[in-house]
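**Q** Structure of the sequence below:
(one chain, ligands or ions: 1)
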Amino acid sequence: MEEKLTSNEDGSDFPAELEYLSGFGNHLSSEAISGALPQEQNNPLVCPYGLYAEQLSGTSFTSPRKLNQRSWFYRIKPSVTHEPFKSLIPRHKKLVSEFNHSNSSTNPTQLRWKPAKIPESSTDFIDGLYTVSGAGSSFLRHGFAIHMYTANKSMENCAFCNADGDFLIVPQEGRLWIKTECGRLQVSPGEIVVVPQGFRFAIDLPDGPSRGYVAEVFGTHFQLPDLGPIGANGLAASRDFLAPTAWFEDKVCPGYIVVQKFGGELFTAKQDFSPFNVVAWQGNYVPYKYDLSKFCPFNTVLIDHGDPSINTVLTAPSDKPGVALLDFVIFPPRWVVAEHTFRPPYFHRNCMSEFMGLIFGRYEAKADGFLPGGASLHNCMSPHGPDTNTFEATVTGGNDAKPFRITDTMAFMFESCLIARVCPWALESPDMDHNYYQCWMGLKSHFSLEESNLKCTEMQNRNYSRGNGYVVEKLAQKMEDAVDLGCK
Ligand SMILES: [Fe+2]
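**A** Residues are numbered from 1 along each chain as shown. So this is what the prediction gives:
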């Protein structure tokens, strides 16, 4: 069937519509030419159409079956067919995969960045990628890195391969057209894409100026969170994760470069053909995308604010049960209905480290200053919460706030059990908001014994007055309870 193509700014083509394979963690198979996939075994003496068989392992050979991830590619030439790797010159100086005193520092101060400017000079995804924060080490297979990218042109005659970890890419501005060894993906702001460790991929930027966030995890892979008492359905549904279908190009590409990120350094290797030469594949180690608007959020329906973990889309687990090396959490449009509750996120200090970004709209805990494309870092145990304006406006709104729908917003958080170190170029960035702390400095003491007692009694009366018959029966008991609680 003939593909309908759309043209990139630089003249390259990409299909207007792509077909995907649905399901998270499934064992999938796909062939661009019928009969290209061996049916009887993984590694026949001679593969159909004279293809080479090649396995890509995402876990150790001996990982337990439920965790084991690998795929088999059937390709025109094997990926080993390249010249030796050489250090990229000039060096990319802003990528880190082993965080230590020499390349990053710690600081418990709450940090916030304005949106980074997109460069005017020619910059592709690799050039425009820079590490902001992270912890641990890709060498020791434990840790994470948070990167951002600002770019304006497609990768040309080159592919990227990250040997350090998995990339979870969150485009904020500009679509991504991604070629991978499993096929192609179109990813728009509002969607995310995961490119697992070791995959070769190339990113076209059909809209030109582009910006986004990247979480990288070392030594583990993303999985869907357990749902516990929520039950069998809810949050991100397995079927909404989409993997590519097989696609290949049989192209001679003189001087083609594979750029490999290895221990945070970039190396290049020349070859004379496109690495996107996989005619068929099968396995459960695949790149995939997810549309965040498909998320099925859960929320409190009576009192209090749920912990943000309720909005976990994907989690990269640590070795401790329930403790994430890195969670990807979103704050999507939803109804807010809680009664006699401070509805925005509460003030808190967290043993985890929280990096936040905003894809579009406004975040409910910040009246201003946190902009789409911007970011914040609230490191382990650093206090944070709603800013002064949000707090005052919410409390002034009183106890009679009606249910309302938070719309047109998509904030997210990368949350890690590790203490995040911050790279010097991020700390010294002109985008650093040095006045961030001011957003909380206006929070005044409202403490007054007399006023507090009055408010407490008034609120209880209002709450109990919602069900008349019930109130008459229970009021006396409730007031006794209130006395016990200190609302005398
Ligand atoms: Fe927080």
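
**Q** CA atoms for contacts and neighbours, from now on please.
**A** Will do.

**Q** For residue 218, list the residues it contacts.
**A** 137, 138, 141, 142, 143, 144, 164, 165, 166 (Cα atoms under 8 Å, 6 or more residues apart in numbering).

**Q** redo that, cut-off 7 Å
**A** Shown in contact with residue 218 (Cα atoms under 7 Å, 6 or more residues apart in numbering): 138, 141, 142, 143, 144, 164, 165, 166.

**Q** Among those, which one is most surrounded by other residues?
**A** Neighbour counts for the contacts of residue 218, by other Cα atoms under 10 Å, peak at residue 144, which reaches 32 neighbours.

**Q** distance of that residue from residue 394?
**A** Distance of residue 144 to residue 394, computed by Cα to Cα, to the nearest Å: 36 Å.

**Q** Please apply the same query to residue 156.
**A** With distances taken as Cα to Cα, residue 156 is found 50 Å from residue 394.

**Q** now swap in residue 402 and tell me
**A** Residue 402 sits 12 Å away from residue 394 when distances are taken as Cα to Cα.

**Q** When those two are compared, which one has more neighbours?
**A** Neighbours were counted for residue 402 and for residue 394 using other Cα under 10 Å; residue 394 has more, 17 against 11.

**Q** and the more buried one, that one's in a strand?
**A** No: secondary structure of residue 394 (DSSP: H, G, I helix; E, B strand; the rest coil): helix, not part of a strand.

**Q** could we number from 52 for the rest of this?
**A** Right, with 52 as the first residue, what we last looked at is residue 445.

**Q** Chain neighbours aside, what residue packs nearest to it?
**A** Excluding its sequence neighbours, the residue lying closest to residue 445 (Cα to Cα, 6 or more residues apart in numbering) is residue 393, at 7.0 Å.

**Q** Please identify which helix or strand holds that neighbour.
**A** Using DSSP states H and E, residue 393 sits in no helix or strand.

**Q** Would you mind checking the average pLDDT for stretch 447-455?
**A** Regarding stretch 447-455, the rounded mean pLDDT is 86.

**Q** Please disregard the earlier target; I meant stretch 426-444.
**A** 96.

**Q** Buried residues in it, which are they?
**A** 426-431, 433, 435-442 (16 or more other Cα atoms under 10 Å).

**Q** Quick check: the two most widely separated of the residues you listed?
**A** Maximum pairwise distance in the buried residues of stretch 426-444, criterion Cα to Cα, is 24.6 Å, between 431 and 440.

**Q** Would you mind measuring from residue 439 to residue 409?
**A** Separation of residue 439 from residue 409 (Cα to Cα): 20 Å.

**Q** ugh, wrong one, residue 302
**A** From residue 302 to residue 409 the distance is 39 Å (Cα to Cα).

**Q** now swap in residue 78 and tell me
**A** Counting by Cα to Cα, the separation of residue 78 from residue 409 is 33 Å.

**Q** Which one's more surrounded, these two?
**A** Shown here are residue 78 and residue 409; by other Cα under 10 Å, residue 409 has more neighbours (26 against 14).

**Q** Name the nearest residue to that one, ignoring sequence neighbours.
**A** Counting by Cα to Cα, 6+ apart, residue 409 lies nearest to residue 462, which is 4.2 Å off, once chain neighbours are set aside.

**Q** how about the strands in the stretch 152-301 of the chain?
**A** 162-164, 180-188, 193-202, 209-213, 217-224, 227-231, 234-238, 242-246, 251-255, 261-269, 292-295 (DSSP state E, counting those that start in this stretch).

**Q** Among those, which comes closest to residue 383?
**A** strand 242-246 (12.2 Å).

**Q** and the angle from the closest one to strand 209-213?
**A** Relative orientation of strand 242-246 versus strand 209-213 (axes from the mean of the first three to the mean of the last three Cα atoms, to 10 degrees): 80 degrees.

**Q** surely residue 259 meets residue 224?
**A** No: Residue 259 is beyond contact range of residue 224, at 9.5 Å (criterion: Cα atoms under 7 Å).

**Q** contact partners of stretch 78-90?
**A** 98, 99, 100, 296, 297, 298, 330, 331, 332, 333, 334, 335.

**Q** Can you tell me which of those residues lies closest to residue 372?
**A** The closest of those to residue 372 turns out to be residue 335 (Cα to Cα; 23.5 Å).

**Q** Spell out which residues make up each domain of this protein.
**A** 56-343, 346-492, 500-535 (automatic domain parsing).

**Q** which of those has the lowest average pLDDT?
**A** Taking the mean pLDDT of the domains of the chain, domain 500-535 comes last: a mean of 47.

**Q** how about the strands of the stretch 152-301 of the chain, which one is nearest residue 343?
**A** Closest among the strands of the stretch 152-301 of the chain, using Cα to Cα: strand 242-246, at 5.5 Å.

**Q** Can I get that closest one in CSV, CA atoms only?
**A** The C-alpha atoms that make up strand 242-246 are tabulated as CSV, following Å, rounded to 0.1, in the frame of the first residue of the first chain:
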residue,chain,number,x,y,z
GLU,A,242,2.3,12.5,24.6
ILE,A,243,5.4,10.8,25.9
VAL,A,244,7.8,8.3,24.4
VAL,A,245,10.1,5.8,26.0
VAL,A,246,13.2,4.7,24.0
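
**Q** Residues contacting that strand, please?
**A** With contact meaning Cα under 7 Å, 6+ apart, strand 242-246 is reached by 217-222, 238, 338-343.

**Q** Next one: the closest residue to residue 335 other than its chain neighbours relative to residue 294, how far apart?
**A** Sequence neighbours aside, residue 78 is the residue nearest to residue 335 in space, at 4.4 Å (criterion: Cα to Cα, 6+ apart). Residue 78 is 11 Å from residue 294, where distance means Cα to Cα.

**Q** And residue 192, how far from residue 110?
**A** Applying Cα to Cα to residue 192 and residue 110 gives a distance of 11 Å.

**Q** which residues are common contacts for these two?
**A** Common neighbours of residue 192 and residue 110, using Cα under 7 Å, 6+ apart, do not exist here.
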